Each structure stands twice: as C-alpha cells, then as structure tokens.
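Visitor: structure for this input, please:
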Amino acid sequence: MARGTVNKVIIVGRLGSDPDVRYTSGGMAVANLSIATNERVPAGEGNWEERTEWHRVVVFGKQAESCGNYLSKGRLVFVEGSLRTKQWEDTQGIKRYTTEIVARDVQFLGGGEGQGRQQQEGERNYSRSENQGFSDRSSTEELPPAPDSKDDDIPF
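Guide: Numbering: from 1, shown residues only. Just a heads-up that it's a prediction; the model follows:
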C-alpha cells in the first residue's frame, strides 16, 4: 500500500437481483452483485427526495459461493472492500470504463423481499461459510448507548 492513501468502501444496501455466480478456468467462484443504496437529499423549498445509487460488487472464492447459495433479490447486505476501475475497448474502438467494489467482506443482514435460496432455520449472519472472526450478532440486536463525551475531556 502506498503511504498516505486509502482505498476503502463500506456500503449497506439491498440486492437488485439474484447474485450471478460464475467460475474461473481455475475453479474459483466469482459472484457479481448489484446493490442499491438510498439517501435523502434536499429537493428545494424544504422538500426532500429519495436518491438511489447502484453499485457493482464483485466477490471471490468461498464468499462468492455463499452469496450464490444464500442471497437473493431484496436481501440486505453489508459490504466492505475497495474500488477498482476497469478499462476496455468496445467493438467500435471506444474506450469504456466501469468502477466496481471488490469485496473483502460480505455480511448477510436482515431479510427483505428475498430470504435466500438455501436459508435454513437458525442461519447466522456470517459473511463466509465458516466463522472467521465475524460475530453472530443479530441484525436486530440493539447496540449499547454511546458514552457521553465532552470536548473538554480531550487532552489536546
């Protein structure tokens, strides 16, 4: 990693379609996800509007297989990864670009329209088929309140 630079993305959104899982010639699973996030933005005169942003996400290996097995359209997911921009030339010789999120972690959150293709009773919110350092905290569990802090307590 170059000094002084950061390439990190975190999104929480809903799948716009079922995962598209394919395999490389070497047998590695690659899942392509389309995830929507929403935000409220000012629309003028005191009004607000909902704006949807679509994100391309690519997931590799066992996580990709888990995405294919357990996710479906409408499911809420947490994704942490980095941005990658691809460049290619189309059939007319025009340079094209696309930016996607390369996922390091995908966590399956609360339900949605789709509950997953192979969801079983007692499924936990792990991002991988094995628990590799992720908690099994329910997405509905309340977090403790934030401690009160005052700027006067900061020593600098």
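Visitor: pLDDT weak spots in the chain?
Guide: 1, 111-156 (pLDDT under 70).
Visitor: now do the helices in it.
Guide: For the chain, helices defined by DSSP state H occupy the ranges 61-70.
Visitor: all strands for it, in order.
Guide: 9-15, 20-23, 29-44, 47-60, 76-89, 95-108 (DSSP state E).
Visitor: which of those sits closest to Tyr70?
Guide: Nearest to Tyr70 among the strands of the chain is strand 95-108 (6.0 Å), distances taken as Cβ to Cβ. Yep, even glycine has a C-beta here, placed from its N, CA and C like the rest.
Visitor: which residues are contacting that closest one?
Guide: The contact list for strand 95-108 (Cβ atoms under 8 Å, 6 or more residues apart in numbering) reads 9, 11, 33, 55-60, 63, 66-67, 70-71, 75, 77-90, 116, 123, 125-127, 134.
Visitor: out of the strands of the chain, which comes closest to Arg3?
Guide: strand 76-89 (16.6 Å).
Visitor: any chance you could list what contacts that closest one?
Guide: Counting by Cβ under 8 Å, 6+ apart, 7-15, 33, 35, 55, 57, 71, 95-112, 127, 139 sit against strand 76-89.
Visitor: again with stretch 19-30
Guide: Residues outside stretch 19-30 that contact it (Cβ under 8 Å, 6+ apart): 31-33, 58-62, 64-65, 67-68, 71-72.
Visitor: thanks a lot, catch you later.
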